[in-house]
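Chemist: Sequence plus the predicted model coming up.
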Amino acid sequence: MTFNVLVVDDEKNIRTGLGKAMELDGYATFEAEDGQEALEIIEREEIDLVLADLRMPRVSGQELLTRVVDSFPTIPVIILTGHGTIETAVQAMRDGAFDFLTKPVNLDRLSLLAKRALSTRELVLQHRALQAELETHRQNQQIIGKSPEMQRILDVVRQVAPTKASVLITGESGVGKELVADALHHLSDRRDKPFVKVHCAALSESLLESELFGHEKGAFTGAIGRKRGRFELANTGTVFLDEIGEISPSVQIKILRVLQEKQFERVGGEATINVDVRIVAATNRDLRVEIERGTFREDLFYRLNVVNIQVPPLRERREDIPLLTAAFIREFSRENGKTVEGIDAKTRSLLFGYPWPGNIRELRNSIESAVVLAKGEILTVDDLPPSIHDGGEDRDVRIALGSTMADAEREIIRATLASVNGNKTKAAATLGIGRKTLHRKIAEYAIED
């Protein structure tokens, strides 16, 4: 990415010299002789950094700074002046200048400041781009991910949601199975009807039966009145049975009856209750193995598994980590009154390389901790939990079985770039290909810088 630097000074020799210095650092440059011309250039060009003299005719550097900060807050401004005083520097910084240099300008110092300023702008722009993507994902009921795996899941969800088919969502703990269930309900014709969730593993057999089907007064000790169960409360809507692999055989039989006949009786009751509910279930267990062990009914499995959605672990869709990270940064910044804007390159590389055994839940908790402990607006490696530091040296690239050669090549290139902090020269050397070839493949696979 080539950055555009705008040099603003009423002395032609100075702005030309500074422009050439910026070009030697690899930046494209624009020149303006006063603040008014500078504002016109900023309006029509994509400017990434402004170097502005403080005293100029028409619109001064001080006024230019104020107007850039108000209208283009992501563009950093470095103030240059031959009349530098401590008071002037302090006022410029208070007004929003990135930094302050006196003339004659030390070019090495200017080069360092420009690099820092553009790095900060790049992080802010990346963060805003991720936020824009998150707005799109919110329309898909909070499923966050642009990886091929998650796009396939979204396609299945959109296709299955309007039907009455039962859905079994499988995957490791923490991968986001409940979010898939949410999307299935909210994209269905039942979206305005009840959506009732039951976490089966959290309840004993007797409590779960009462929770699902309700009970009559006196059905057991402590049943002081009639209680309607979750199936009854969800009539015409959707029931989500999380961790269904944990339920007992006796409760399995009753759920099977609801699926087959759309009816049940409350605990201790004789009246048959008819319901119209769609059942979505989730488990982190392999139910086929549980069937072989005799702990799960085969007939119930086939009734639940009309459509199966397998949610991959985070380590198999690492390209979703930036989006998820941005979402969690925004959530926890808002909750904790912080103004965290993003993460630096080293932290991004560490998050990308970590294997995430706890999946999205672990990433979410790690970002919450980092935001709470953050001292600045950009998260650094020091803000992350120690467990991430210790486990972030995973150098393996995992390719899912069934991936195409293109998928495999894309993942290897992405992981290699992450391991060298985006240095394309090092990445090309590591991969044994030319830099031009690497650039072509980055564009071909739409790999983010």
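Modeler: It's in. Keep in mind that what you see is a predicted model, and the values were worked out from it rather than measured.

Chemist: Not including adjacent chain positions, what is the nearest residue to the residue nearest the centre of the chain?
Modeler: In the chain, the residue lying closest to the centroid (CA atoms, centre = their mean) is L324, at 1.6 Å. Closest residue in space to L324, ignoring its immediate chain neighbours: I144 at 5.5 Å, by CB to CB, 6 or more residues apart in numbering. Placement of C-beta: from N, CA and C, glycine included.

Chemist: separation between that neighbour and E331?
Modeler: In this view, I144 and E331 are 11 Å apart by CB to CB, to the nearest Å.

Chemist: Show me which of these two is the more surrounded one.
Modeler: I144 (22 against 14; other CB atoms under 10 Å).

Chemist: Which pLDDT value belongs to that one?
Modeler: Among the per-residue scores, I144 shows a pLDDT of 80.

Chemist: Is it in a helix, a strand, or coil?
Modeler: Three-state call for I144 (DSSP: H, G, I helix; E, B strand; the rest coil): coil.

Chemist: you'd agree it is up against D320?
Modeler: Yes - between I144 and D320 there is a contact under CB atoms under 8 Å: 6.7 Å.

Chemist: any shared contact partners between those two?
Modeler: Residues touching both I144 and D320 (CB atoms under 8 Å, 6 or more residues apart in numbering): M150.

Chemist: what's near enough to touch Q36?
Modeler: By CB under 8 Å, 6+ apart, the contact list for Q36 reads R58, V59.

Chemist: Name the SS class of it, please.
Modeler: Secondary structure assignment for Q36 (three-state DSSP): helix.

Chemist: And K338, by the same measure?
Modeler: Three-state call for K338 (three-state DSSP): coil.

Chemist: ok, back up a step: looking at the helix or strand hosting the residue nearest to the centre of the chain now, give me its mean pLDDT.
Modeler: Following DSSP states H and E, one finds L324 within helix 321-336. Averaged across helix 321-336, pLDDT comes to 89.

Chemist: Give the other helices and strands that it contacts.
Modeler: Secondary-structure packing of helix 321-336 (3 or more CB pairs under 8 Å, 6 or more residues apart in numbering; DSSP states H and E): helix 107-138, strand 342-343, helix 345-353, helix 359-373.

Chemist: ok, 7 Å please
Modeler: Packing partners of helix 321-336 (3 or more CB pairs under 7 Å, 6 or more residues apart in numbering; DSSP states H and E): helix 107-138, helix 345-353, helix 359-373.

Chemist: got the buried residues for that helix?
Modeler: By 16 or more other CB atoms under 10 Å, the buried positions in helix 321-336 come out as I321, P322, L323, L324, T325, A326, A327, F328, I329, R330, F332, S333.

Chemist: L379: what's its closest spatial neighbour, skipping adjacent residues?
Modeler: I343 (4.3 Å).

Chemist: ok, the one you found - contacts?
Modeler: I343 makes contact with T325, I378, L379 under the criterion CB atoms under 7 Å, 6 or more residues apart in numbering.

Chemist: A408: which of those residues is nearest?
Modeler: T325 (24.5 Å; CB to CB).

Chemist: can I assume that closest one is in contact with L351?
Modeler: Yes - here T325 reaches L351: they are 6.3 Å apart, a contact under CB atoms under 7 Å.

Chemist: got the contact list for stretch 176-187?
Modeler: For stretch 176-187, contacts defined as CB under 7 Å, 6+ apart pick out 140-143, 153, 157-158, 160-161, 167, 169, 171, 191, 195, 238, 240, 242, 280, 282, 309, 311, 360.

Chemist: and if you look at stretch 439-449?
Modeler: Contacts for stretch 439-449 (CB under 7 Å, 6+ apart): M1, R410, I413, R414, G422, K424.

Chemist: From the residues you listed, which land in helices?
Modeler: Residues from the contacts of stretch 439-449 lying in helices, with DSSP state H as the criterion: R410, I413, R414, K424.

Chemist: What segments of the stretch 101-250 of the chain are strands?
Modeler: Along the stretch 101-250 of the chain, the segments classed as strands by DSSP state E, counting those that start in this stretch run 167-170, 195-199, 214-215, 227-228, 238-242.

Chemist: Figure out which of those strands is closest to P57.
Modeler: Shortest distance between P57 and the strands of the stretch 101-250 of the chain, using CB to CB, is found for strand 195-199: 65.2 Å.

Chemist: The closest one relative to strand 238-242, how many degrees between them?
Modeler: Orientation of strand 195-199 against strand 238-242 (axes from the mean of the first three to the mean of the last three CA atoms, to 10 degrees) gives an angle of 20 degrees.

Chemist: Could you list every helix and strand that strand 195-199 packs against?
Modeler: The contact analysis (3+ CB pairs under 7 Å, 6+ apart) places strand 195-199 against helix 230-233, strand 238-242.

Chemist: can you rerun that using 10 Å?
Modeler: If you count contacts as 3 or more CB pairs under 10 Å, 6 or more residues apart in numbering; DSSP states H and E, strand 195-199 packs onto helix 177-186, helix 205-213, helix 230-233, strand 238-242, strand 278-283.

Chemist: Output the ones you listed in TSV; the columns should cover mean neighbour count.
Modeler: Compiled in TSV, the helices and strands packed on strand 195-199 are given as follows (neighbours: other CB atoms under 10 Å):
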stretch	mean neighbour count
helix 177-186	22
helix 205-213	19
helix 230-233	19
strand 238-242	24
strand 278-283	25
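
Chemist: now these as JSON lines including mean pLDDT and distance to P355?
Modeler: Output for those, formatted as JSON lines (pLDDT from 0 to 100; distance: least, CB to CB, whole Å):
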{"stretch": "helix 177-186", "mean pLDDT": "92", "distance to P355": "20"}
{"stretch": "helix 205-213", "mean pLDDT": "89", "distance to P355": "34"}
{"stretch": "helix 230-233", "mean pLDDT": "94", "distance to P355": "36"}
{"stretch": "strand 238-242", "mean pLDDT": "96", "distance to P355": "25"}
{"stretch": "strand 278-283", "mean pLDDT": "96", "distance to P355": "23"}
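
Chemist: Could you export these as a markdown table, including distance to T29?
Modeler: Shown next, in a markdown table, are the helices and strands packed on strand 195-199 (distance: least, CB to CB, whole Å):
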| stretch | distance to T29 |
| --- | --- |
| helix 177-186 | 47 |
| helix 205-213 | 68 |
| helix 230-233 | 66 |
| strand 238-242 | 58 |
| strand 278-283 | 56 |
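
Chemist: Tell me which of these lies nearest to E368.
Modeler: Closest to E368 of the helices and strands packed on strand 195-199, according to CB to CB: helix 177-186, at 17.3 Å.
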